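> just coords:
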Ligand SMILES: Cc1cc2nc3c(=O)[nH]c(=O)nc-3n(C[C@H](O)[C@H](O)[C@H](O)COP(=O)(O)O)c2cc1C
């Protein structure tokens, strides 16, 4: 995509600075976060709960506040993620937030599989107007296939169908955003001329899935094109993100994976003719912060103690043969570990050795640990990292907890967290992070009070906002209108 003027890969006089987003989860990311003493647990339908979080993030100069979304729900989310079970429609929540914040970007997730391009172009552009250029659209192809049943479809569609549709969709949306040139409005009371017809364009698009005549009925947005985010991990997702996204919401959870993913995305972006520095990679992360490292570890253990395991913690109510190692029923990929998988049988599948004769509170022994598969070794290393305990101190329950919590969690003091961020950032495994809280509000408050100043002290994060729009925060130029070019 063409841009006006030069690129600005760095934000601050040539110094590379980190970007921070805050991903909103009403009850935090930890599956039992809502049960933690003192944690918010009934704020999902109280808009000022969102304002409280967004203003905290804004005071700390975060780039954006992020609304994820899904288009279906079910009781499975009760155990895995109560924040997803029931929540506000994101454009509605974003519009409310727009009137109660001034600087912070607002990211709205919307899935093109279940929208029409005209409809979504209008929503995102309107949000950009009401926020004076702070809007962003996170394009996802849909994590919950049950959406089809809510949208009169026989099926969710395979990834190729959804990404083909997304490709055509975004090209239409961009042209709709351009269908009004800047300066299309004359509004001359004397002559009675309201608009310049030469600056308003039809698309006359007829494609594989969509036919859209245009023009849009919204003036060109303050940012021209609001900032585009994308989240996904597959080949098609990477290609889509490399071609279209300004910011990638990544799922990498180790430095090695993060670096490989970031290099891969930068290479793909270059292959599509995009100059370096045009694509920002922000992995999701849940920093679990305590006043000291020990305090943080205690919080992690306390949270985990609130996780509900299966009543039959040995086999989840199934025959032992169900969990035989070649049965391949352990993990539903990409989804949190829910009911029926919170037992030692499921864990045995994960780590690749039978656990028929161990007790949940027995300690993991070196002999069994040495026989773990790759996933099992990673799970053990992750448990050691989070708890600070080693073999001889870690129980099977601890391992099961790490398995259930999953994700990208870093437990420690503010100094530990800042050090972790710095390592990833300086290795260029990312351009910042999409920060999430294990529970609210305390964890965001601690991040803002303790971690942000430490990042600033290390010269890694801005101390004030610059520019007016979200594109400005990312050092991205306003796209040239391709009808005018
Ligand atoms: C970090 C991350 C965040 C995501 N957030 C959402 C979301 O909020 N809503 C949604 O429907 N899908 C979300 N997705 C799912 C993607 O849209 C995509 O459907 C999923 O990853 C499977 O597609 P893929 O094979 O292309 O990666 C997310 C994916 C990742 C990796």
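Looks like it came in fine. No experiment lies behind these values; they were computed from the predicted model shown.
> So which bits of the chain are right by the ligand?
Contacts of the chain with the ligand, taken as CB under 6 Å from any ligand atom, map to 68-70, 109, 111, 140-143, 159, 231-234, 236-237, 249, 251, 284. From N, CA and C alone the C-beta is placed, and that goes for glycine too.
> So which residues of this structure form strands?
Here the chain has its strands, by DSSP state E, at 19-23, 64-67, 105-110, 135-139, 185-188, 193-195, 205-206, 211-212, 227-231, 247-250, 280-289, 409-412, 432-435.
> now the first one against strand 227-231, angle please.
On the basis of axes from the mean of the first three to the mean of the last three CA atoms, to 10 degrees, strand 19-23 is oriented at 70 degrees to strand 227-231.
> do the fourth one as well
Strand 135-139 and strand 227-231 meet at an angle of 30 degrees, taking the same axes, to 10 degrees as the criterion.
> For strand 135-139, buried residues please.
The neighbour-count check on strand 135-139 (16 or more other CB atoms under 10 Å) flags 135, 136, 137, 138, 139 as buried.
> Now do it: distance to the chain's middle.
Taking CA atoms, centre = their mean, to the nearest Å, the mean C-alpha location of strand 135-139 is offset from the chain mean by 11 Å.
> ok, and what's touching that strand?
Applying CB atoms under 8 Å, 6 or more residues apart in numbering, the contact partners of strand 135-139 are 64, 66, 68, 94, 105-112, 120, 124, 127-128, 166, 170, 221, 223, 226-231, 240, 244-247, 249, 470.
> Report the buried members of those residues.
For the contacts of strand 135-139, buried by 16+ other CB under 10 Å: 64, 66, 68, 94, 105-112, 120, 124, 127-128, 166, 170, 221, 223, 226-231, 240, 244-247, 249, 470.
> in the stretch 251-400 of the chain, what residue is nearest the ligand?
Residue of the stretch 251-400 of the chain nearest the ligand, by CB to the nearest ligand atom: residue 251 (3.9 Å).
> Name the nearest residue to that residue, sequence neighbours excluded.
Once flanking residues are discounted, residue 251 sits nearest to residue 233: 5.7 Å by CB to CB, 6 or more residues apart in numbering.
> Distance check, the one you found against residue 257.
Note on residue 233: its distance to residue 257, by CB to CB, to the nearest Å, is 10 Å.
> Can you report how many residues neighbour the residue of the stretch 351-485 of the chain found nearest the ligand?
The nearest approach of the stretch 351-485 of the chain to the ligand comes at residue 434, 7.7 Å away (CB to the nearest ligand atom). Residue 434 has 26 neighbouring residues, counting by other CB atoms under 10 Å.
> next one: residue 288
Residue 288 sits with 23 neighbouring residues when counted by other CB under 10 Å.
> ok, now the one 4 residues further on?
As a burial measure, the neighbour count of residue 292 was computed by other CB under 10 Å and equals 13.
> go on, residue 345?
Using other CB under 10 Å, residue 345 has 30 neighbouring residues.
> Who's the closest spatial neighbour of residue 473, skipping the chain neighbours?
residue 63 (5.0 Å).
> I'd assumed residue 17 was in contact with that neighbour.
No. Applying CB atoms under 8 Å, one finds residue 63 not in contact with residue 17, separated by 10.1 Å.
> the more surrounded of these two?
Neighbours around residue 63 and residue 17, counted as other CB under 10 Å, are more numerous at residue 63. The numbers are 28 against 22.
> what sits against that one?
Neighbours of residue 63 in contact, by CB under 8 Å, 6+ apart: 19, 20, 21, 104, 105, 432, 470, 473, 474.
> Where does the prediction get shaky in the stretch 101-250 of the chain?
Nowhere does the stretch 101-250 of the chain drop to pLDDT under 70.
> Helices of that one, start to end?
Assigned by DSSP state H, counting those that start in this stretch, the stretch 101-250 of the chain shows helices spanning 117-130, 147-150, 159-178, 235-244.
> Show me what the shortest one is in contact with.
By CB under 8 Å, 6+ apart, the surrounding residues in contact with helix 147-150 are 70, 71, 72, 111, 113, 114, 154, 155, 156, 157.
> switch the cut-off to 6 Å
Under the contact criterion CB atoms under 6 Å, 6 or more residues apart in numbering, helix 147-150 has outside partners 71, 72, 114, 155, 156.
> which one of those is nearest the ligand?
The closest of these to the ligand turns out to be residue 71 (CB to the nearest ligand atom; 7.0 Å).
> Buried residues, stretch 72-83. List them.
Buried residues in stretch 72-83 (16+ other CB under 10 Å): 72, 73, 76, 77, 79, 80, 81, 82, 83.
> With stretch 305-323 instead?
Quick answer for stretch 305-323 (16+ other CB under 10 Å): 306, 307, 309, 310, 313, 314, 315, 316, 318, 323.
> now, which of those residues lie within helices?
The members of the buried residues of stretch 305-323 all map outside helices under DSSP state H.
> Need those in a markdown table (columns: pLDDT and distance to residue 292).
Rendered in a markdown table, the data for the buried residues of stretch 305-323 read as follows (pLDDT from 0 to 100; distance: CB to CB, whole Å):
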| residue | pLDDT | distance to residue 292 |
| --- | --- | --- |
| 306 | 98 | 22 |
| 307 | 98 | 24 |
| 309 | 97 | 29 |
| 310 | 96 | 34 |
| 313 | 96 | 32 |
| 314 | 94 | 36 |
| 315 | 92 | 39 |
| 316 | 92 | 37 |
| 318 | 91 | 42 |
| 323 | 88 | 39 |
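> Closest to residue 375 out of those?
Of all the buried residues of stretch 305-323, residue 375 sits closest to residue 323, with 15.1 Å by CB to CB.
> looking at it, the closest one is touching residue 344, isn't it?
No. With contact defined as CB atoms under 6 Å, residue 323 does not reach residue 344; the gap is 8.2 Å.
> Next, count neighbours for the residue nearest to residue 77 when sequence neighbours are not counted.
Distance criterion CB to CB, 6+ apart; nearest residue to residue 77, sequence neighbours excluded, is residue 85 at 4.2 Å. For residue 85, the neighbour count with other CB under 10 Å is 18.
> just residue 239 next, same as before
Neighbours of residue 239 under the rule other CB under 10 Å: 17.
> how far away is the residue lying closest to it once chain neighbours are set aside from residue 256?
Among residues not flanking residue 239 along the chain, residue 268 sits closest, at 6.4 Å (CB to CB, 6+ apart). Distance of residue 268 to residue 256, computed by CB to CB: 19 Å.
> any idea how far stretch 64-73 is from the chain center?
Mean C-alpha position of stretch 64-73 versus that of the full chain (CA atoms, centre = their mean) differs by 9 Å.
> What of stretch 458-466?
Its chain's C-alpha centre and that of stretch 458-466 lie 22 Å apart, by CA atoms, centre = their mean.
> what's the span of it, first residue to last?
19 Å (CA to CA, to the nearest Å).
> Need the pLDDT of the spatially closest residue to residue 409 that is not a sequence neighbour.
Spatial nearest neighbour of residue 409, chain neighbours left out: residue 286 (4.8 Å); criterion: CB to CB, 6+ apart. We note a pLDDT of 98 for residue 286 in this prediction.
> just the one 10 residues further on next, same as before
At residue 296, the model reports a pLDDT of 98.
> What is the neighbour count of the nearest residue to it once chain neighbours are set aside?
Among residues not flanking residue 296 along the chain, residue 290 sits closest, at 3.1 Å (CB to CB, 6+ apart). By other CB under 10 Å, 21 other residues sit near residue 290.
> What pLDDT is listed against residue 290?
Reported pLDDT for residue 290: 98.
> Could you double-check that it lies in contact with residue 301?
No. Using CB under 6 Å, residue 290 is not in contact with residue 301, being 11.2 Å away.
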